[in-house]
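>>> Mind looking at a prediction? Sequence and model below.
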Amino acid sequence: MLDGATASTNLSWRTAPAFIFDGNKDNGRIRLAAAGSMSATVEAFRADRFEIELDVRPSAQHKGWIGVGIGGAANPSTASFIGGAFLILDSAGKGALLADGTRLKLASKELGDAFHPEGPNRLRFVYDAVAGTVGGWINDRPVAEAVSLGGFVPAVTRAGFSAFGCDGNSWVDNFKMTLLNPHTRKSVEPEIAKPADVYRVLFLGDSITRSLPNAKHQWTYAAGMAASSEATDYVHQFCAILEEALAKEGKKVESRFLAEHGGRIRACLGRVDEYRDFAPDLVVVQFGENEKPGAGSETFADDYATLLKEVSGLASKPQILACGLWAPRNGTPYQGRTAEVDATIEQVARAHGAGFASVQRYAMDPACRGFGATDGVRWHPNDAGMKGYAEALFGAWQPPKGVVKGRRQAEATLP
């Protein structure tokens, strides 16, 4: 509702609890409960041109800001519209256009007397997908009218507003998004044109799936942490097993991953456009280790289910495999919250037609961990643990019609 009038229906917002509705249906705003990094986003369709408007009051002892824009992630704790583009206004009266998180600083401008410290300040953000430009206006004063993105193409799966470092005197109101020549999801579904001799696997996960070099943990290469090399992480071991199984069909395995150190499942939601054109035959989902306390609750289950729905909606209709939780033990089974999260993953996976690969037996074995320079790395599965992941996934994998798995069994033998 915008001041009591229906603006749209059937939109699902993903937001942080720090945004609080303050008022009633006739006259209300959304205010910030406390300083921090937060966002609120809604699904956005593809279009030739996006125009987004928002009334704001950014307030902070230091330079906090409120912004509006588009992006690929739907993580309420991430204010920077990672992978997208956005316009911000800080509490000192300076506007800026940014893209790809905060990596591309496109334009900035001091507003002077055009800034209204007590609000409202009207932010207007425009993305022209055809020209590859963005523009931003604050109270009708341009920050930049059509600045080139230099070849960078923003993700447009989510649109909304965000805030960083603002206090409880800050608020947002009157969000409006207008699309020029919008396309439906169906109309932009890509044609799947991939070689018949290729089998594609998409991996969605956290640092166990992929971790870039990390100085804090003295981790110096890109691989699933803590494999001794990229070739021995579970992604590459599993792909090697699949290629062996598919060899008689003359198929090669190609892989892609969307994963990050410390990753949580919410950071992976709403990013289908980042891998849609890959058209995977198989999707492996590996999450749970970095979820907050209570992650076995309904919230985690809902997020996991949302991700599975997004993946199952791909035109390639991939098979989906869910990895169980990695929680190292010395010979004792999972208990308490650990058991709850592991059971939640299996239950949600089964309910959505996905296979489940438990790694508990490997997490219980000290021989399956311990490689690395710091405790943070050594907690992860080593080469033996990674082999366990690969074998467990292979055991849950359903091969294409006419393909026999061969000599490998559903349960792994530790090296």
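Yes, it's here.
>>> Could you pull up the mean pLDDT of whichever strand or helix holds Ile70?
Secondary structure assigned from DSSP states H and E places Ile70 in strand 65-71. Throughout strand 65-71, pLDDT has a mean value of 91.
>>> tell me the domain ranges of the chain?
The chain breaks down by automatic domain parsing into domains covering 13-183, 198-396.
>>> Tell me which of those domains lies nearest to Val403.
Each of these was scored for nearness to Val403 using C-beta to C-beta, and the closest is domain 198-396 (6.1 Å). Yep, even glycine has a C-beta here, placed from its N, CA and C like the rest.
>>> Quick check: end-to-end length of that closest one?
As for domain 198-396, its first-to-last residue distance stands at 20 Å under the measure C-alpha to C-alpha, to the nearest Å.
>>> where along the stretch 201-350 of the chain do the helices fall?
Taking DSSP state H, counting those that start in this stretch as the test, the helices found in the stretch 201-350 of the chain are 234-245, 298-312, 336-351.
>>> quick one: the shortest one to chain centroid distance?
Pointing back at helix 234-245 there. Between the mean C-alpha location of helix 234-245 and the chain-wide mean there is a distance of 25 Å, by C-alpha atoms, centre = their mean, to the nearest Å.
>>> swap in the last one?
Using C-alpha atoms, centre = their mean, the mean C-alpha position of helix 336-351 is found 21 Å from that of the whole chain.
>>> secondary structure class for the residue sitting furthest away from the middle of the chain?
Within the chain, the residue lying farthest from the chain centre (C-alpha atoms, centre = their mean) is Asp113, at 38.9 Å. Put simply, Asp113 is helix when judged by DSSP: H, G, I helix; E, B strand; the rest coil.
>>> could you measure it against Asn169, distance?
Taken as C-beta to C-beta, to the nearest Å, the spacing of Asp113 relative to Asn169 amounts to 21 Å.
>>> Of the domains of the chain, which shows the lowest average pLDDT?
Among the domains of the chain, domain 13-183 carries the lowest mean pLDDT, at a mean of 85.
>>> from the middle of its chain, how far away would it be?
Computed by C-alpha atoms, centre = their mean, the chain-centroid distance of domain 13-183 equals 19 Å.
>>> now stretch 312-327
15 Å.
>>> Pipe the helices of the stretch 201-350 of the chain into TSV and attach mean neighbour count and distance to Arg103 per row.
Compiled in TSV, those are given as follows (neighbours: other C-beta atoms under 10 Å; distance: least, C-beta to C-beta, whole Å):
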stretch	mean neighbour count	distance to Arg103
helix 234-245	21	26
helix 298-312	18	25
helix 336-351	18	33
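>>> Out of those helices, which is closest to Arg31?
Distances from Arg31 to each of the helices of the stretch 201-350 of the chain were compared by C-beta to C-beta, and the smallest falls on helix 298-312, at 23.2 Å.
>>> Can you list the helices and strands that that closest one packs against?
Applying 3 or more C-beta pairs under 8 Å, 6 or more residues apart in numbering; DSSP states H and E, one finds that helix 298-312 makes contact with strand 198-205, strand 282-286, strand 319-323, helix 336-351.
>>> how close does the residue nearest to the spatial centre of the chain sit to Thr306?
Among the residues of the chain, Cys268 comes closest to the average C-alpha position under C-alpha atoms, centre = their mean, at 2.2 Å. Distance from Cys268 to Thr306, counting by C-beta to C-beta: 10 Å.
>>> Then Tyr127?
Applying C-beta to C-beta, one obtains 25 Å for the distance of Tyr127 from Thr306.
>>> can you give me the strands for the stretch 1-150 of the chain?
With strands called from DSSP state E, counting those that start in this stretch, the stretch 1-150 of the chain shows them at 13-15, 19-23, 28-32, 37-43, 49-57, 65-71, 85-90, 94-99, 104-110, 121-128, 133-138, 141-148.
>>> Identify whichever of those strands lies nearest to Cys239.
Comparing those against Cys239 with C-beta to C-beta, the closest turns out to be strand 65-71 (29.9 Å).
>>> now the angle from that closest one to strand 121-128?
Computed with axes from the mean of the first three to the mean of the last three C-alpha atoms, to 10 degrees, the direction of strand 65-71 lies at 20 degrees from that of strand 121-128.
>>> Alpha carbons only: can I get strand 65-71 in PDB?
Extracted as PDB, the C-alpha positions of strand 65-71 are listed here (Å, rounded to 0.1, in the frame of the first residue of the first chain):
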ATOM      1  CA  TRP A  65      23.100   6.200   3.800                       C
ATOM      2  CA  ILE A  66      19.900   4.900   2.200                       C
ATOM      3  CA  GLY A  67      19.800   3.600  -1.300                       C
ATOM      4  CA  VAL A  68      17.500   2.300  -4.000                       C
ATOM      5  CA  GLY A  69      18.300   0.000  -7.000                       C
ATOM      6  CA  ILE A  70      18.500  -3.500  -8.500                       C
ATOM      7  CA  GLY A  71      20.600  -6.600  -7.800                       C
END
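>>> Adjacent strands (with direction) for that strand?
According to DSSP bridges, the neighbouring strands of strand 65-71, each with its direction, are strand 85-90 (antiparallel), strand 158-164 (antiparallel).
>>> Many thanks, we can stop here.
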